[in-house]
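What follows is a predicted structure for the sequence shown.
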Amino acid sequence: MSDALRTSLLGLNRVRLITAVVVPVVGGLLRQSGALPYPLGPFGLAVLGAVAACAILPIARSRIRDPRAFARIQLALDVVLVSAIVATSGGAR
């Protein structure tokens, strides 16, 4: 993996991890204020999925043969997980 691609992927992974930490904090605050009347179980599972997705890069870094394909898969996974987080938190409601 080239250094530029590795740096980009690691930067993306850090942002994903920060987001995975901030989202449950905001969800908890919304839940506490009564603005999130939906169950926290599915929301928590979606957030745990995001945290687990952050672990893929550090674990599999040496096995990644095509960093661009890996980035595409990670971004697709992000779209799915963010959609799940939005859906379990009530969406536009």
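Done, it's in. Residues are numbered from 1 along each chain as shown.

Quick one, grab the pLDDT at the most centrally placed residue in the chain.
The residue lying closest to the centre of the chain (C-alpha atoms, centre = their mean) is A50, at 3.1 Å. On the pLDDT scale, A50 is placed at 82.

same check, this time on R93
So, for R93, pLDDT stands at 65.

A76 now?
Reported pLDDT for A76: 89.

Which strand or helix spans it?
For A76, the host element (DSSP states H and E) is helix 67-88.

From N13, how far off is the residue nearest to the centre of the chain?
The gap separating A50 from N13 is 11 Å, by C-beta to C-beta, to the nearest Å. Any C-beta I mention is one placed from the backbone N, CA and C, and that applies to glycine too.

what are the ranges of the helices in this protein?
Ranges of helices in the chain, per DSSP state H, are 3-33, 40-60, 67-88.
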